[in-house]
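Visitor: give me a model of this one.
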Amino acid sequence: MKRNIVIATIAAAALIGGGTATAIAVSGDEEAPAKKSNVQVSNDDTGRDDDANVNDTDDNDADNDADDKAEDKAAKDTGEDAEDKAENAADAKVAQVDAADAIKAALKNTKGTAVSADLDDEGTKHVWDVDILTNGGAWHSVQVDPSTGKVVGSHVDRDDDGDDAAETAQIRAALKGSSVTAAEAAEAGAAKGTVTSVDLDEESTDKAWEVDTTAANGTGSDWRVNPDSGKITADRSND
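Guide: Numbering: from 1, shown residues only. Predicted coordinates for the structure are as follows:
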């Protein structure tokens, strides 16, 4: 008795935007006619939403880029002229040691909580001036060389106007429960440009770290960093 052996081979081809899978049956004795299947293969990388209730990753990326650009535009200081921008750019180039590292260096010198850091022009040279509130309630001003990161000066700030106690209490209240330090706020701002200033805004209802940055062309931008989440947003207080 003659034995028939049938070998079935199925090949599926997926084309961009949709394709057709074709199945071919081959007999050991004779050829069978080719049969076509109407299976359609969809491509999810077309950039469109196949499900109206689901956002593709590409769509989310585009939305995030648009949001970032809007934030960058809102943060820019539009009141600067060419002279201001040139001065800003020159100041930023001096800061070989960034704000975050300057704050860390100052805290190694004086224990406490850093409340602000500013890149100041002290006569003929620049320094990072970091204000630190000690656990005992004393205020220290620590100067850090922006080219080496070394502490070049430190002194206790005296109560000249009698308002330090009230201000200190307000700052402590703003810092209570905060998980983001001044150094971390500076690191968040560094993603937007060269940080030239970090300061705690303890007076607003929405407490935040205020961060000033300078772009390579000297354009300044003002930011706010949430003291709990670390999220950075444009400072729209001047809008």
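
Visitor: and Ala117, its phi and psi?
Guide: With angles defined as degrees, to the nearest 10, Ala117 sits at phi -150, psi 130.

Visitor: can you give me the neighbour number for it?
Guide: Neighbours of Ala117 under the rule other C-beta atoms under 10 Å: 29. For the C-beta atoms, the positions are set from N, CA and C on the backbone; glycine is no exception.

Visitor: tell me the pLDDT at it?
Guide: Ala117 carries a pLDDT score of 98 in this model.

Visitor: got it, and Ser221?
Guide: On pLDDT, Ser221 comes in at 95.

Visitor: count of residues packed around the nearest residue to it once chain neighbours are set aside?
Guide: Among residues not flanking Ser221 along the chain, Ala75 sits closest, at 4.0 Å (C-beta to C-beta, 6 or more residues apart in numbering). Using other C-beta under 10 Å, Ala75 has 23 neighbouring residues.

Visitor: now swap in the one 10 residues further on and tell me
Guide: For Lys85, the count of nearby residues is 17 (other C-beta under 10 Å).

Visitor: so is it in a helix, a strand, or just coil?
Guide: Here Lys85 is helix, with the state taken from DSSP: H, G, I helix; E, B strand; the rest coil.

Visitor: now the helix or strand where Ser197 lies: mean pLDDT?
Guide: Here Ser197 sits within strand 194-201, counting by DSSP states H and E. Averaging pLDDT along strand 194-201 gives 96.

Visitor: same deal with stretch 99-111?
Guide: Across stretch 99-111, the per-residue pLDDT values average to 97.

Visitor: neighbouring contacts of it?
Guide: 97, 114, 117, 119, 128, 130, 132, 134-135, 140, 142, 144, 146, 149-151, 154, 181-184, 186-187, 189-190, 195-198 (C-beta atoms under 8 Å, 6 or more residues apart in numbering).
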